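S.K.: I'd like to go over a predicted model; first the sequence, then the structure.
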Amino acid sequence: MSAKSVYQGKDLVFTMAFNLLKKKSPEDIFWEWFAQRAEHYYNSATNGDELFAALYQQLGKIDEHLIFEFGPINELEEREMVISANGVKEIFPKVTALIEKAPDLAKWKFIAFRQRLPELEQVMYNDIHIYYDDVYFRFAKDFGKIGLEVHMRGYDSNNPDHDTLTYILLDQVLGEYDTEMKLSRVEVTALDPEDIDSLFPLKELPIIVDNYIKEFHN
């Protein structure tokens with residue numbers, strides 16, 4: 001075989017390897033990275049600052065707004081990992097694309113978006129601690145979505161943490177995806193106790209949203 005043929009063969013191998021590498025999506029690259037470290041995250045998901053920082057760095061290569069949450073190990077010995085857009089609706093497709101590429105790893109369950117947490121009764125954010133029983137709402141049907149007026153006990157419009165808290169509450173009660181995609185608007189005001197009889201308690205929000213969406217599409 002001539003020297004020229006050898007070099008051509010090497011070039012062909014190099015080109016094929018480069019093309020294979022080039023075809024890997026950011027999602028594929030992320031999951032390959034995670035799979036190599038899955039056991040470390042499984043065992044250290046509640047206490048691993050360095051691991052968390054590395055995971056945030058890898059997610060940031062897909063989008064800087066992506067965040068993750070680990071759940072406890074369940075009765076099936078699986079640990080859940082939630083990938084969230086952190087309420088940034090514009091990157092919802094990136095969350096979906098990432099979870100669609102998730103590998104089938106033993107002891108892991110990967111979930112897109114923060115899910116409803118009906119068992120919770122309260123939420124804390126910075127110095128604010130509020131119970132679900134302190135939050136009521138009224139709503140309006142809005143062409144396939146729900147317009148929401150939230151009435152929160154102790155709400156202070158001058159404190160931006162209260163607005164952040166509102167969306168944390170909605171994510172927990174309704175789920176991240178439905179909060180962003182099924183609510184047309186959210187307005188927040190301080191609760192007047194005299195209005196309670198004309199309002200709905202926060203925990204009734206999921207059934208109201210679900211029923212209206214079903215009604216609208218039928």
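M.R.: Yes, it's here. Residues are numbered from 1 along each chain as shown.
S.K.: which intervals of the protein have sub-threshold pLDDT?
M.R.: Within the chain, the ranges that satisfy pLDDT under 70 run 1-22, 45-47.
S.K.: Spell out the residue ranges of the strands in it.
M.R.: Chain-ordered strands for the chain, with DSSP state E as the definition, fall at 67-73, 79-84, 108-112, 122-125, 128-131, 135-142, 145-152, 183-190, 200-201.
S.K.: right, so of the ones you listed, which gets closest to residue 30?
M.R.: For these, the distance to residue 30 is smallest for strand 79-84, at 9.8 Å, taking C-beta to C-beta. Yep, even glycine has a C-beta here, placed from its N, CA and C like the rest.
S.K.: Which positions within stretch 179-197 qualify as buried?
M.R.: Within stretch 179-197, the residues that qualify as buried are 179, 180, 182, 183, 186, 188, 191, counting by 16 or more other C-beta atoms under 10 Å.
S.K.: out of the residues you listed, who's nearest residue 150?
M.R.: Among the buried residues of stretch 179-197, residue 188 lies closest to residue 150 (C-beta to C-beta), at 4.6 Å.
S.K.: How about that closest one: what's its closest non-neighbour residue?
M.R.: Closest residue to residue 188 apart from its sequence neighbours, by C-beta to C-beta, 6 or more residues apart in numbering: residue 150 at 4.6 Å.
S.K.: now do residue 172
M.R.: The spatially closest residue to residue 172, leaving aside those adjacent along the chain, is residue 117, at 4.7 Å (C-beta to C-beta, 6+ apart).
S.K.: And residue 124, by the same measure?
M.R.: What sits nearest to residue 124 in space, not counting adjacent residues and going by C-beta to C-beta, 6+ apart, is residue 130, at 7.9 Å.
S.K.: Just grab the bridge partners of the one you found for me.
M.R.: Under the criterion DSSP bridges, residue 130 forms beta bridges with residue 123.
S.K.: ok, now which ones touch it?
M.R.: Counting by C-beta atoms under 8 Å, 6 or more residues apart in numbering, residue 130 makes contact with 122, 123, 124, 152, 153, 154, 165, 169.
S.K.: shouldn't residue 183 be in contact with residue 148?
M.R.: Yes. When contacts are counted by C-beta atoms under 8 Å, residue 183 is listed as touching residue 148 (5.5 Å).
S.K.: Tell me the bridge partners for the residue nearest the centre of the chain.
M.R.: The geometric centre of the chain, computed from its C-alpha atoms, lies nearest to residue 84 (C-alpha atoms, centre = their mean), at 2.3 Å. Applying DSSP bridges to residue 84 gives these bridge partners: residue 67.
S.K.: Surely it and residue 176 touch.
M.R.: Yes. The pair residue 84 / residue 176 is scored as a contact, 5.9 Å apart, by C-beta under 8 Å.
S.K.: Identify the contacts common to those two.
M.R.: Listed contacts common to residue 84 and residue 176 are 113, 114; contacts here mean C-beta under 8 Å, 6+ apart.
S.K.: Tell me the spacing between the residue nearest to residue 124 and residue 216.
M.R.: For residue 130, the distance to residue 216 under the criterion C-beta to C-beta, to the nearest Å works out to 31 Å.
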